[in-house]
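>>> sequence below, structure please.
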Amino acid sequence: MERKRLQEEVSKDLLEAALAKLLANGGDFAEIFCEQSERSLLHLEEGRVKAPSFTVAVGAGLRLVRGKTTRYGFVEELTEEALFRCADALAVGKAVGVCEAVEPLAALGAMPAPAEPLAAEGVLSALRAADEACRAVGPAVQNVTVVQNAWAQEMLVANSRGTFAGDVRNLRHMRVAATAVGNGQRRLCFRGADLVAEPQRATAEGVRDLARGAGQGAVLMLEAGPAPAGTMPVVIDAGHMGTGVVFHEACGHALETDHILEGASVFAGRIGDTVASKLVTLVDDATWPDRSRTYRVDDEGTPSQKTVLIEGGVLKGYLADIKGAAALGLAPTGSGRRQNFRHAPLARMSCTYLAPGEGSQEDILSEVKSGLFVKTVGGGGGDISGSGFVFTVMEANLIENGKVTRPVTGATLRGRGLELLESIDAVGNDLGISSVGGMCGKAGQMVPVDEGSPTVRVGRLTVGGAAL
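Below you'll find the model as predicted:
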């Protein structure tokens, strides 16, 4: 049976009535977040489908703020009875606050249509084509994993300030991981595609091309020598394959308002200070069109926007949800995000990237006599206090006399976020947004994110390598 649109299931009148019940005993702020979503995950390994999953989620999260206290509850249905029951339960308690009535909810603009469901037969055919193309690279490719993840979410949010907003988010992503074996070594390489931003990747040839790239990368790394160790110039490739995660982790989280309010962030109280090289402009932009990981409004109903966090090396602002913005006397930046209706929103990144500069990658490399060229980054993370970060490098090459030469393996990048930003001495004109398909974890919640960067040269960065 065809599912009704969320805006047909939940009326403005019903949400106004439920908000009034939430505030029956007083409060500073009340909110209701409604959601219905469908997720599918198909995983092909060794030519076989492993643990396919398809989940449907329907429900609402209710939030009531009184002074410094926040009460949160959720229901797994969107009926009047369930919403009223949860609202009554949260409202119980001593009256605190000044909100005496619900502001009239504004009209809801037209929402995009959800994506058409993916036909299982077509997805399986694409996964098998990817598996075959990856193995066809050569006998050294001995394990292939192909994953396609699809998510269609409709959300509505209403609050006591009169917000009544909604959005539809469609995520479709494919990832191929190849393991090559030879010379006594095992090497892993992956490639990914955002099928919303890159619909051509969803074609038969697009899928095969993606898979061949993973297989060829893994085979190439079998010839890799040990990475150098020490402090050296490092050139980070443009962010098409996820290298922008270095900036997401090394400094992005430290710019979220909850960490600022806790006093835990190295950027707390530093708006207006120079915190990076003058070549650094760091942006978070949830408005990018036609990508899986951006949105029209955040999960608090605030319109998405482009937020300049660092401009010309100077700290300009933070990523603010409603709560953090109010506490710091700022305007919300459309950064209130949640995993689903079972969770209260937090200040989060969306699509975070270093803005492009003027130089070409060739020019940036030409000035490096000896260093490391980083093509893809694996796991890693940074401390919001600025005490340090560590990233595993999956694909890298030596830079010798201004040229990218031999592949190397076993490298890690180590340092402090502020030192990284201050040491950037060249920024390219080739901005790339990741196709890898990131998920960001915070406080037990996972949300989809993008990150990116142009080619970036860090004049001095510590490389942990196998060659000592």
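
>>> contacts only, for A87.
18-19, 21-22, 62 (C-beta atoms under 8 Å, 6 or more residues apart in numbering). C-beta: built from backbone N, CA, C; applies to glycine.

>>> tally of neighbours for T231?
12 (other C-beta atoms under 10 Å).

>>> buried set for the host helix or strand of it?
T231 belongs to strand 230-236 when assigned by DSSP states H and E. By 16 or more other C-beta atoms under 10 Å, the buried positions in strand 230-236 come out as 232-236.

>>> state the number of residues packed around P104.
10.

>>> and if you look at F54?
F54: 12 neighbours (other C-beta under 10 Å).

>>> which helices and strands does the longest helix along the chain pack with?
Longest helix in the chain by number of residues, with DSSP state H as the criterion: helix 204-221. If contacts are counted by 3 or more C-beta pairs under 8 Å, 6 or more residues apart in numbering; DSSP states H and E, helix 204-221 sits against helix 120-135, strand 141-159, strand 164-182, strand 185-194, strand 403-409.

>>> any chance of JSON lines for the ones you listed, columns distance to A30?
Rendered in JSON lines, the data for those read as follows (distance: least, C-beta to C-beta, whole Å):
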{"stretch": "helix 120-135", "distance to A30": "41"}
{"stretch": "strand 141-159", "distance to A30": "6"}
{"stretch": "strand 164-182", "distance to A30": "13"}
{"stretch": "strand 185-194", "distance to A30": "36"}
{"stretch": "strand 403-409", "distance to A30": "54"}
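
>>> what residues are up against the nearest residue to L282 once chain neighbours are set aside?
With C-beta to C-beta, 6 or more residues apart in numbering as the criterion, L282 has its nearest non-adjacent residue at 4.1 Å, and that residue is I310. I310 makes contact with 275-276, 280-282, 316, 421, according to C-beta under 8 Å, 6+ apart.

>>> which residues touch the helix or strand just after the strand holding T231?
On the C-terminal side of strand 230-236, the closest following helix or strand by DSSP H and E is helix 245-247. If you take C-beta under 8 Å, 6+ apart as the criterion, helix 245-247 is touched by 236, 282, 352-354, 377, 380, 389, 391, 413, 420, 434, 438, 451, 453.

>>> what's the nearest residue to V447 if we skip its chain neighbours?
Looking at V447 with C-beta to C-beta, 6+ apart, the closest residue is R337, at 5.1 Å.

>>> re earlier: can you tell me which of the contacts of A87 has the most neighbours?
Among the contacts of A87, L22 has the most neighbours (other C-beta under 10 Å), with 30 neighbours.

>>> per-residue pLDDT, M1?
Model confidence at M1, given as pLDDT, is 47.

>>> run the chain-centre distance for the longest helix of the chain.
24 Å (C-alpha atoms, centre = their mean, to the nearest Å).

>>> coming back round to it: the residue nearest to L282 should be in a helix, yeah?
No. Looking at I310 with DSSP: H, G, I helix; E, B strand; the rest coil, it is strand, so not inside a helix.

>>> quickly list what it is bridged to.
L282, L315 (DSSP bridges).

>>> how near is it to S453?
13 Å (C-beta to C-beta, to the nearest Å).

>>> now do C86
In terms of C-beta to C-beta, C86 sits 43 Å off from S453.

>>> one more: R293?
Taking C-beta to C-beta, one finds R293 at 16 Å from S453.

>>> take the contacts of helix 245-247 and keep only those in strands.
Among those, the members found in strands (DSSP state E) are 236, 282, 352-354, 377, 380, 389, 391, 413, 438, 451, 453.

>>> ok, these vs E81, which is closest?
E81 has its nearest neighbour among these in G438, at 39.0 Å by C-beta to C-beta.

>>> the closest one contacts P448, correct?
Yes. Using C-beta atoms under 8 Å, G438 is in contact with P448, at 7.0 Å.

>>> name the residues contacting each of those two.
With C-beta under 8 Å, 6+ apart, G438 and P448 have common neighbours R293.

>>> mind checking pLDDT for the residue nearest to L282?
pLDDT at I310 comes out at 98.

>>> now R5
At R5, the pLDDT recorded in the model is 83.

>>> just E100 next, same as before
61.

>>> show me the shaky parts of the stretch 251-400 of the chain.
Nowhere does the stretch 251-400 of the chain drop to pLDDT under 70.

>>> wait, isn't F84 in contact with K21?
Yes. Between F84 and K21 a contact is recorded at 5.8 Å, counting by C-beta under 8 Å.

>>> picking that back up, partner strands of the strand holding T231, with direction?
Sheet pairing of strand 230-236 (DSSP bridges) gives strand 370-382 (parallel), strand 456-464 (antiparallel).

>>> nearest to E9, out of those?
Judging those by C-beta to C-beta, what sits closest to E9 is strand 370-382, at 39.2 Å.

>>> which of the contacts of I310 count as buried?
275-276, 280-282, 421.

>>> can you add distance to A268 and give the ones in strands among the contacts of helix 245-247 back as a markdown table?
A markdown table is the format used below for the ones in strands among the contacts of helix 245-247 (distance: C-beta to C-beta, whole Å):
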| residue | distance to A268 |
| --- | --- |
| I236 | 27 |
| L282 | 17 |
| T352 | 19 |
| Y353 | 23 |
| L354 | 22 |
| V377 | 27 |
| G380 | 23 |
| F389 | 18 |
| F391 | 24 |
| L413 | 25 |
| G438 | 25 |
| E451 | 23 |
| S453 | 25 |
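
>>> for stretch 437-445, which positions count as buried?
437-438, 440, 442, 445.

>>> contact partners of that stretch?
149, 173, 175, 192-194, 242, 245, 248, 253, 292-293, 338-339, 343, 346, 348-349, 446-451.

>>> type out the PyMOL command that picks the buried ones from those.
Remark: buried members of those, expressed as a PyMOL selection using 16+ other C-beta under 10 Å:
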select buried, resi 149+173+175+192+193+194+242+245+248+253+292+293+338+339+343+346+348+349+447+448+449+450+451
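
>>> which residues touch G59?
34-35, 74-78, 340-342.

>>> do that again at 7 Å, thanks
Applying C-beta atoms under 7 Å, 6 or more residues apart in numbering, we find G59 in contact with 35, 74-78, 341.

>>> now G182
So G182 contacts 140, 222 (C-beta under 7 Å, 6+ apart).
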